[in-house]
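# quick one: sequence plus predicted model below, questions after.
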Amino acid sequence: MAPEGPLVVGVDSSTQSTKALVVDAATGEVVARGQAPHQVSEGPARESDPEQWWGALCEALAQCGPVARDAAAVSVSGQQHGLVTLDAAGRPVRPALLWNDVRSAPQRDRLVEELGGPEAWAERIGSVPAPAFTITKWAWLRENEPEAAAAVSAVRLPHDYLTERLTGRGTSDRGDSSGTGWWSAATGAYDEELLRHVGLSPALLPEVLAPGETAGAVRGGLGELPLAPGALVAPGTGDNMAAALGLGLRPGQPVISLGTSGTVYAVARRGPADPTGTVAGFADALGDWLPLACTLNCTLAVDRIAALLGRDREAVETGGEAVCLPFLDGERTPNLPYASGLLHGLRHDTTPGQVLQAAYDGAVFALLAALDRVLEGETADGATADGETAHGAAPPVLLIGGGARGTAWRETVRRLSGRPVQVPHAAELVALGAAAQAAGVLTGEDPAAVARRWGTDHGPAYEPVARDEAAWERLSTTLAGAGGLLGGA
């Protein structure tokens with residue numbers, strides 16, 4: 001069938017690949033898609049050449065075929081936090097430092113201490129920076145590669161870099177900028193005192209556009225790019241913000257993303273300031289906030305436990321009193337960077353299936369404990385501080401990511417949360433969110449309303465079950481009493 005409305009392009013430039021979707025703005029139908037891989041260095045240095053992101057974007061769009069040239073607008077979402085350094089000619093000075101390059105941990109610790117401690121940072125920019133944050137990577141670069149830092153004429157985030165290649169104009173958005181550590185969602189501006197402290201001129205940073213502004217238009221002369229010159233270019237945003245757009249989230253609607261790492265977030269009307277650092281007080285791509293927490297051990301950790309037990313990942317069994325905290329890679333939430341996995345409470349009659357279920361419980365427990373903090377105090381759209389509406393029903397948890405298709409994951413979330421759960425059919429939510437933003441600049445609509453019109457959150461719904469208080473108590477007690485076995489922050 002022919003598309004009903006104008007076509008738009010949504011791009012997801014992630015750590016490992018670039019995905020491009022050509023979407024009918026009227027219906028949300030994906031009419032074409034393409035994907036091209038990225039190369040990432042191995043070892044402690046997690047780096048990528050930004051030029052390959054551009055090549056992957058061109059290739060992914062080429063795979064979409066002729067309809068890509070018919071698109072009237074485009075938006076690029078990208079992996080958050082990455083440090084892209086450009087010279088005076090706009091070429092990369094060195095490979096980009098990616099979000100998962102944590103060599104800047106010592107610089108992070110010094111910055112937090114030098115500028116008043118965690119509480120001061122939380123109040124100032126909305127978050128306590130982690131080594132993922134861009135400001136810590138810039139401090140690392142100045143300390144370890146001063147010649148490269150001196151050659152920098154522009155600093156960009158990954159999505160900024162691709163948007164600028166499209167338009168020729170250096171821009172960013174409030175959502176992605178809120179993960180840098182030098183932009184404050186509370187003031188809507190760069191913190192110039194912080195920038196002076198780390199030796200970075202504001203003149204080297206992109207203009208942060210307001211929601212709904214246009215970054216420009218696709219410029220001519222980009223022969224390898226299969227987009228029409230003159231197509232509108234939206235501001236773009238970070239990947240988590242784009243996923244929120246792709247779901248059409250309303251304030252107070254909780255999301256759990258189950259991947260290699262786990263993520264929980266919700267749109268909020270007011271910015272959080274969590275001095276523990278558990279919740280990052282990000283801005284969203286509209287005018288609100290996106291408080292977010294992340295765990296390191298999720299689907300991959302549970303799959304590893306299943307492999308050790310010689311069981312299929314779905315082969316769980318109920319019962320027993322075993323507790324498993326699957327913190328195989330250390331953990332970020334709770335903040336236990338030196339932890340390893342912990343198994344407690346074995347009995348003669350404990351079965352392998354019960355141990356595997358305990359691993360699911362441990363991973364989901366960490367996510368739900370973080371979600372409680374994300375939702376703390378949020379009362380928008382009729383939701384109370386504990387997440388219930390004025391009619392007494394908690395909004396469903398939207399379960400997304402690779403693990404969302406697994407029965408064991410879904411049922412564990414239901415049992416430990418006591419909430420209803422919904423699993424959206426739509427995949428590629430980051431690219432769909434970017435497409436919704438592109439449709440918004442084209443039509444003047446709210447991008448989240450566009451996504452709701454497209455029905456991106458539609459999918460099977462599961463009624464709540466009574467929360468397993470006994471399991472929750474076992475997990476809480478074990479975590480609190482593990483002490484030196486798990487290591488400190």
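Right, received. Where do you want to start?

# per-residue pLDDT, the most far-flung residue of the chain relative to its centre?
Residue farthest from the centre of the chain, counting by C-alpha atoms, centre = their mean, is His348 at 41.9 Å. The model reports His348 with a pLDDT of 96.

# that one and Ala322, how far apart?
The span separating His348 from Ala322 equals 12 Å under the rule C-beta to C-beta, to the nearest Å. C-beta here means a position set from N, CA and C on the backbone, and glycine is covered the same way.

# tally of neighbours for Ala90?
For the record, residue 90 is Gly, not Ala. Here the neighbour count serves as a burial measure; for Gly90 (other C-beta atoms under 10 Å) it reads 14.

# check the one 4 residues further on too.
For Arg94, the neighbour count with other C-beta under 10 Å is 19.

# my read: it touches Glu147, true?
No: when contacts are counted by C-beta atoms under 8 Å, Arg94 is not listed as touching Glu147 (10.0 Å).

# which stretches of the stretch 351-489 of the chain have low pLDDT?
Counting by pLDDT under 70, the ranges of the stretch 351-489 of the chain that qualify are 377-392, 488-489.

# now do the helices in it.
Listed in chain order, the helices of the stretch 351-489 of the chain (DSSP state H, counting those that start in this stretch) span residues 352-374, 407-417, 429-443, 447-454, 469-481.

# which residues touch the residue nearest to Phe327 when sequence neighbours are not counted?
Take Phe327 and drop its neighbours on the chain: the residue closest to it by C-beta to C-beta, 6 or more residues apart in numbering is Ala339, 4.1 Å away. Residues in contact with Ala339 (C-beta atoms under 8 Å, 6 or more residues apart in numbering) are 325, 327, 330-331, 486-487.

# buried residues in stretch 242-261?
Using 16 or more other C-beta atoms under 10 Å as the test for burial, stretch 242-261 gives 242-258, 261.

# on the three-state scheme, the closest residue to Leu204 other than its chain neighbours is what?
In space, Leu204 comes closest to Val155 once its chain neighbours are excluded; the distance is 5.0 Å by C-beta to C-beta, 6+ apart. The three-state label for Val155, taken from DSSP: H, G, I helix; E, B strand; the rest coil, comes out as strand.

# measure how buried Val155 is and give me the count.
Counted with other C-beta under 10 Å, Val155 comes out at 24.

# check Thr85 too.
25.

# ok, and the most crowded of the contacts of Ala339?
When the contacts of Ala339 are compared by neighbour count (other C-beta under 10 Å), Leu325 ends up highest, at 29 neighbours.

# run through the bridge partners of that residue.
Leu325 has these beta-bridge partners by DSSP bridges: Leu342.

# single out the most deeply packed of the helices of the stretch 351-489 of the chain.
Across the helices of the stretch 351-489 of the chain, averaging neighbours per residue (mean count of other C-beta atoms under 10 Å) puts helix 429-443 on top, at a mean of 30.

# quick one: list the elements packing against that helix.
Under the contact definition 3 or more C-beta pairs under 8 Å, 6 or more residues apart in numbering; DSSP states H and E, helix 429-443 sits against strand 7-13, strand 17-24, strand 73-78, strand 232-233, strand 237-238, helix 239-247, helix 447-454.

# let's see it at 6 Å
If you count contacts as 3 or more C-beta pairs under 6 Å, 6 or more residues apart in numbering; DSSP states H and E, helix 429-443 packs onto strand 7-13, strand 17-24, strand 73-78, helix 239-247, helix 447-454.

# got CSV for the ones you listed, with distance to Leu367 too?
Formatted as CSV, the helices and strands packed on helix 429-443 follow (distance: least, C-beta to C-beta, whole Å):
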stretch, distance to Leu367
strand 7-13, 23
strand 17-24, 25
strand 73-78, 23
helix 239-247, 15
helix 447-454, 23
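
# of all the ones you listed, which one comes closest to Val198?
Taking C-beta to C-beta as the criterion, strand 73-78 is the member of the helices and strands packed on helix 429-443 that comes nearest to Val198, at 22.3 Å.

# which other residues reach the closest one?
Under the criterion C-beta atoms under 6 Å, 6 or more residues apart in numbering, residues 8-13, 158-159, 162-163, 231-234, 236-237, 239, 242, 430, 434, 437-438, 441-442 lie in contact with strand 73-78.

# hang on, the earlier thing: dump the contacts of Ala339 to CSV, plus distance to Arg270.
Below are the contacts of Ala339 laid out as CSV (distance: C-beta to C-beta, whole Å):
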residue, distance to Arg270
Leu325, 33
Phe327, 32
Gly330, 32
Glu331, 28
Leu486, 33
Gly487, 34
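
# okay, now the unreliable bits of this protein?
Within the chain, the segments meeting pLDDT under 70 span 1-2, 377-392, 488-489.

# can you give me the helices in the stretch 151-300 of the chain?
With DSSP H, counting those that start in this stretch applied, the stretch 151-300 of the chain shows helices at 158-167, 174-177, 192-197, 239-247, 299-309, listed in chain order.

# nearest to Ala448, out of those helices?
Shortest distance between Ala448 and those, using C-beta to C-beta, is found for helix 239-247: 5.8 Å.

# who are the contact partners of Ile305?
326, 359.
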